[in-house]
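Asker: fold the following.
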Amino acid sequence: MMRGVRGVLFLDYVRMLRAQKSVDWKQWLFPEDVAYLTAKIDPDAWYPMATFERMGNEILRTIAQGQLHVVQLWGRHSAGQLAVANPTLLMPGDPIQTLQQFHTLRQTFFDFPALEIPVLRDDEAQVIAHYHMGMPAEEAAAYQTLGFFEGLVTLAGAKLASSALVERSWDGSERTLFRVTWTQPGTN
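Answerer: Next up is the predicted model:
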């Protein structure tokens, strides 16, 4: 079964690659991948996860220059972009409800269960990510997701948001698990 990603996420990768005018992507991507760089991307359509993975690898290599903290920062930034595109996502002053909203919404981004939130407390979420990609894409996607969750709870009003990887599938664990912690809005 071919896995897919929604155009709203795919478009971010296409934009980043298009912005690199000096790079000849034909050297690095498959012909079917390069075709998307000149095509109109429909935010509501489905696109191949394999292309998304290869594009992500090139973004990591050329734009982030292999720096995972840059990928994590971009993930933080992308939370704001997703909130603008989905006005019902953010519940101001309520990180828990915002994460519950995201949990419902995330099912529309991938046609497979890429993310689970098995633990959700007043000041912590545990997230399992399984994108089923190879290296380095899986690791980069985990760091991007770490940043995204930090950004999302911060936009919802949380203070001192941080995250940590607990288990890493690329290091032999069965899954990738991370914790996001924060201080509730209104606490000192």
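
Asker: for the protein, what spans make up the strands?
Answerer: In the chain, the strands defined using DSSP state E lie at 4-6, 46-48, 115-121, 124-129, 159-167, 176-183.

Asker: can you lay out the ones you listed as TSV showing mean neighbour count and mean pLDDT?
Answerer: For the C-beta atoms, the positions are set from N, CA and C on the backbone; glycine is no exception. Formatted as TSV, those follow (neighbours: other C-beta atoms under 10 Å; pLDDT from 0 to 100):
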stretch	mean neighbour count	mean pLDDT
strand 4-6	20	94
strand 46-48	17	97
strand 115-121	14	94
strand 124-129	19	95
strand 159-167	15	93
strand 176-183	20	95
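
Asker: for Glu174, which residues are in contact?
Answerer: Glu174 is in contact with Glu167, counting by C-beta atoms under 8 Å, 6 or more residues apart in numbering.

Asker: still on that earlier bit, what's the closest of the strands of the chain to Lys40?
Answerer: Checking these against Lys40 by C-beta to C-beta gives strand 46-48 as the closest, at 12.1 Å.

Asker: nearest to the spatial middle of the protein, which residue is it?
Answerer: Residue closest to the average C-alpha location in the chain (C-alpha atoms, centre = their mean): Thr145, at 4.2 Å.
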